[in-house]
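*Asks:* Return a 3D structure for these sequence lines:
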Amino acid sequence: MADTKFNNTALLVIDMQNDFILDDGLMRVDGGKAIVPNVIKAVEIARQHGILVVWVVREHDPLGRDVELFRQHLYSTGTVGPTSKGSPGAELVDGLEIKEGDYKVVKMRFSAFFATHLNSFLRTAGIDSLVIVGVQTPNCIRQTVFDAVELDYKSITIIVDATAAATPEIHAGM
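*Replies:* Residues are numbered from 1 along each chain as shown. Below is the predicted model of the structure:
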């Protein structure tokens, strides 16, 4: 049963995709695999309380035409680059799935807000509070939080044991 006190809250699940989490992922975040159970639990709890679950993912053009300049070399001719649309690497890790009522946003840069319609969607849904999980803390998590602050979200919560970076020291420093 939905808990109405959370009607204005959304859980943003950021970049929990095979290429970022699995041992053979093309952009593996070393701490990513360890947080999967906690991310699964966060999603379950959010759904139990009627919190909107928003899946923020990267799905790049297979030729790399929409990636950052510093990553274009990863999309050379004849290779599948990280999180290429339709590739296994772009899929959510096992245990996580988009369900009816959830929402998916595709981003091309670190922030979930940059050049996406996420803010408009959340505001239309009456969302003013965010809970954030996923990878990676110094890049996509941090940039999304900075943008959420700039966009005047009332409350922004990061679940520390459901976010990760390449090392525990980098994660703690964020």
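*Asks:* which residue ranges form the strands in the chain?
*Replies:* Applying DSSP state E to the chain gives strands spanning 9-14, 52-58, 103-107, 129-135, 155-164.
*Asks:* Please name every helix or strand in contact with the second one.
*Replies:* Contacting strand 52-58 under the criterion 3 or more Cβ pairs under 8 Å, 6 or more residues apart in numbering; DSSP states H and E are the following elements: strand 9-14, helix 32-48, strand 103-107, helix 118-124. C-betas here are computed from N, CA, C, even on glycine.
*Asks:* what's it in contact with?
*Replies:* For strand 52-58, contacts defined as Cβ atoms under 8 Å, 6 or more residues apart in numbering pick out 9-17, 43, 46-47, 82-83, 90, 92, 98-99, 101-108, 112, 118, 122, 125, 127, 134, 140, 144.
*Asks:* And for the fourth one?
*Replies:* Applying Cβ under 8 Å, 6+ apart, the set of residues contacting strand 129-135 from outside is 8-16, 20-21, 29, 31-32, 35, 38-39, 42, 46, 51, 56, 122, 140-141, 144-145, 148, 153-159, 162-165.
*Asks:* which of these count as buried?
*Replies:* 8-16, 20-21, 29, 31-32, 35, 38-39, 42, 46, 51, 56, 122, 140-141, 144-145, 148, 153, 156, 158-159, 162-165 (16 or more other Cβ atoms under 10 Å).
*Asks:* re the thing from before, wait, which of the strands of the chain is closest to Ser76?
*Replies:* Shortest distance between Ser76 and those, using Cβ to Cβ, is found for strand 52-58: 18.1 Å.
*Asks:* For that closest one, give the mean pLDDT please.
*Replies:* Across strand 52-58, the average pLDDT comes to 98.
*Asks:* thinking again about what came up before, using TSV, please lay out the helices and strands packed on strand 52-58 together with mean pLDDT and distance to Gly78.
*Replies:* Output for the helices and strands packed on strand 52-58, formatted as TSV (pLDDT from 0 to 100; distance: least, Cβ to Cβ, whole Å):
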stretch	mean pLDDT	distance to Gly78
strand 9-14	98	30
helix 32-48	97	27
strand 103-107	98	24
helix 118-124	98	33
